[in-house]
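S.K.: Structural data only, the sequence is not supplied:
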Ligand code: HEC
C-alpha cells in the first residue's frame, strides 16, 4: 500500500482591515520591506507593531514619511539605514501608499 502524505499548508490571511490592507501586504513584501521589518520582533528595523504604535492615529504622517516628507519618529538614530528604502515608496501612487500605511498600522 502506498503511503499518502498530505501536507496541508493553508496560509489564509484574513485581514480585519480588508482588501486595502491585503494590497498593502503585497506591496510590503514585493518592495523588500519584510527583510528588515518583522511583525512583533525588532530585527534590522523596528517591528511593525512598534511602528504602528508610534503612528497610531497618524496615518497621514506615516504616508508623508514614506514619501520622504516627514522625519523619522520611531528610531531616528538608525534613519540612515531606512532612508534609501524610501526610494521604493516615494514613487508609489497615493492609493498604494494608503494601502501600505494601513497594512503597517494594522499591526497595532
Ligand atoms: C535594510 C533594512 C530596511 C529595509 C529593507 C526597510 N526598512 Fe524601514 N526601517 C529600517 C530601520 C533601521 C528603521 C529605523 C529608523 C527609522 O525609524 O527611520 C526603519 C524604520 C521604518 C519606519 C518608521 C519610520 C519612523 O518614523 O521612524 C517605517 C514606516 C518603515 N521603516 C517602513 C519601511 C517600508 C515600507 C519598507 C519597504 C519599502 C522598509 N521600511 C524597508 C530598516 C529597513
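M.R.: Structure's in. What do you need? Treat the numbers as computed from the prediction; the structure is a model and nothing was measured. Residues are numbered from 1 along each chain as shown.

S.K.: Which residues of the chain lie near the ligand?
M.R.: Residues of the chain found near the ligand (Cβ under 6 Å from any ligand atom) are 31-33, 35-37, 44-46, 51, 62, 65-66, 72-76, 78-79, 81-82, 85, 88-89, 100, 104. The way it works is simple: take the backbone N, C-alpha and C, and place the C-beta from them, glycine included.

S.K.: Mind giving me the ChimeraX select for those, buried ones only?
M.R.: For the buried members of the residues of the chain next to the ligand, the matching ChimeraX selection, counting by 16 or more other Cβ atoms under 10 Å, is:
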select :31,33,37,45,46,51,62,65,66,74,82,85,89,100,104
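
S.K.: mind listing which of the residues of the chain next to the ligand are in helices?
M.R.: When DSSP state H defines the helices, the subset of the residues of the chain next to the ligand inside them is 51, 62, 65, 66, 79, 81, 82, 88, 89, 100, 104.

S.K.: of the residues you listed, closest to residue 26?
M.R.: Ranked by distance to residue 26 (Cβ to Cβ), those are led by residue 100 at 9.5 Å.

S.K.: The closest one reaches residue 59, doesn't it?
M.R.: No: between residue 100 and residue 59 there is no contact under Cβ atoms under 8 Å: 10.5 Å.
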